[in-house]
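Student: coordinates only, sequence not included:
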């Protein structure tokens, strides 16, 4: 697949998080050029040191709309085109009965899980439309469709980000661009987690490798006809 995809530029938002190394390695192995943004240089440095492939990195606050647009413009100027955006920004708060849940959690989660999606897609969507093969991929959770009450704020924020993504897919109709969602069931299980706890049972979670494979598929030509779809892994319960 590398000979087909070589030279395409994929921006990865939140790539310094736990899922980042596995996704970046997989996409690089498919022949994409990776441009990763994060809020702190230290996290990006740690990501780079964990990889076997070179990447571009930029410190960007995705809660700053103009900074995010400036990042998108800089990527196009640097590479000539941007062909994909993978949104890995994540975070969780919850575990409290809905009647007692602090609504401040909603403020934090909606900024992290919704506003960053809005800023990133508004900034990069024009480039994806110009690309002729643009891709947007959001990583989400089964909670968005089947929420549990201790996770109400988290589920609502994820549902909002999914709705925004499906609206972006509607914007892409008739264009050679797509927007899709990878729905993850249970906790994300990374190689580092398995290495640190080799005797632990992670069977209820979703391996990071499976998520990375799904993202690579949605970024590829094989998924060019998929738009506005949820690709569900491990039942997403």
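Tutor: Cool, the structure landed. Since this is a predicted model, take the numbers as computed values, not measurements. Numbers count the residues shown, from 1 in each chain.
Student: what about the strands in this protein?
Tutor: Ranges of strands within the chain are 9-13, 33-38, 56-59, 84-87, 134-141, 177-184, 188-189, 206-207, 230-233, based on DSSP state E.
Student: Which one, of those strands, ends up nearest to residue 45?
Tutor: Taking C-beta to C-beta, strand 56-59 is the member of the strands of the chain nearest to residue 45, at 8.0 Å. Every C-beta, even on glycine, is put in place using the N, C-alpha and C of the backbone.
Student: Least confident of the strands of the chain, on average?
Tutor: Ranked by mean pLDDT, those bottom out at strand 188-189, with a mean of 80.
Student: Run me through the strand neighbours of it, direction for each.
Tutor: strand 206-207 (parallel) (DSSP bridges).
Student: And the closest residue to residue 89 other than its chain neighbours, its phi and psi?
Tutor: Residue nearest to residue 89 in three dimensions, not counting chain neighbours: residue 14, with 3.5 Å by C-beta to C-beta, 6 or more residues apart in numbering. Note on residue 14: backbone dihedrals following degrees, to the nearest 10 are phi 80, psi 30.
Student: With residue 226 instead?
Tutor: phi -90, psi 120.
Student: Go ahead and confirm it touches residue 181.
Tutor: No. Counting by C-beta atoms under 8 Å, residue 226 does not reach residue 181; the two are 10.5 Å apart.
Student: if you count what's nearby, which of these two comes out ahead?
Tutor: residue 181 (26 against 15; other C-beta atoms under 10 Å).
Student: and that one, bridged to which residues?
Tutor: residue 138, residue 230.
Student: wait, isn't it in contact with residue 230?
Tutor: Yes. Here residue 181 reaches residue 230: they are 4.7 Å apart, a contact under C-beta under 8 Å.
Student: For the two, list the residues in contact with both.
Tutor: Taking C-beta atoms under 8 Å, 6 or more residues apart in numbering as the criterion, residue 181 and residue 230 both touch 140, 162.
Student: Please determine how far residue 221 is located from residue 158.
Tutor: 28 Å (C-beta to C-beta, to the nearest Å).
Student: which of these two has more neighbours?
Tutor: Set residue 221 next to residue 158 and count neighbours by other C-beta under 10 Å: residue 158 wins out with 27 against 11.
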